[in-house]
Every structure is written in C-alpha cells, then in structure tokens.
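Engineer: All I have is the shape, not the residue letters:
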C-alpha cells in the first residue's frame, strides 16, 4: 500500500510539472533615421561626399550593451572598426546615434555595418552599401 501511495504521489508530481518556456533571445530593435539629411538604404554617391546615417536602438528583452560601426571597402569580407561604444547605464533601454560618413576619393564600394548588442549577446546588424563614383 505504501508503494502504491508513493507511486501515485510521484506520478502526480511528475505529470503536473510544467516545462519552463524557452527563452526566445530577442535581439535589440534597431531602426534607421530617415528623411532630410539621412541615408537609410544602399545608394550611389560621388567621391568625397558627406552623408549622415542615424540609428535608434531599443531594448527588447535585455539591456543594451554596445554599439559599433565598421566598414569594408570593395567587397572585403572583414571589416574595420570606425566607431565602438560601450553604453552607459542611462542608455541601457535605448540609444540613438548619428554617424557622419565621408566617402573615399576613389571609386568603389563601401559597406557600412551598424551593430547593437544586448547584455545576453543578442546582436542586430544593419548594413548600407555605398557605391562611390
């Protein structure tokens, strides 16, 4: 009888336990600023032109941690850091930054990568390719 009670209690506990929901690891929400002086999509520009790219990042699941801008020229697979910033506590929920880009004095392509990382390591990247003529 004791064994039956133990089996019954164990069965009730086992079948009534709910599995913990799997964390979706939602990356930060990142959008380009648009209109006026901003570019927000691939474009063609003259040599030595000055443009502005604006980004706004918003916390989705975890606090924001860092913001990085890097570039690669003419189809290179690796990028070079242009701007790297570790966010302050006051910026953990949201961050906005405008970056001024001056195109090279050489025809070719410039791939600009804008990255935001949260405390859990989730990353959102946005890319703009500028064709310089």
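Structural biologist: Done, it's in. These figures come from a predicted structure and were not determined experimentally. Residues are numbered from 1 along each chain as shown.
Engineer: all strands for this protein, in order.
Structural biologist: 29-32, 43-45, 50-58, 64-73, 80-86, 94-102, 108-118, 123-132 (DSSP state E).
Engineer: Pull the contacting residues for residue 122.
Structural biologist: 25-28, 61-62 (C-beta atoms under 8 Å, 6 or more residues apart in numbering). In short, each C-beta sits where N, CA and C put it, glycine included.
Engineer: next one: residue 47
Structural biologist: With C-beta under 8 Å, 6+ apart, residue 47 has these contacts: 103-107, 132-133.
Engineer: switch to 6 Å and redo it
Structural biologist: Contacts for residue 47 were tallied using C-beta atoms under 6 Å, 6 or more residues apart in numbering; they are 105, 132.
Engineer: can you check residue 130 too?
Structural biologist: Contacts of residue 130 were listed using C-beta under 6 Å, 6+ apart, and they are 43, 45, 110.
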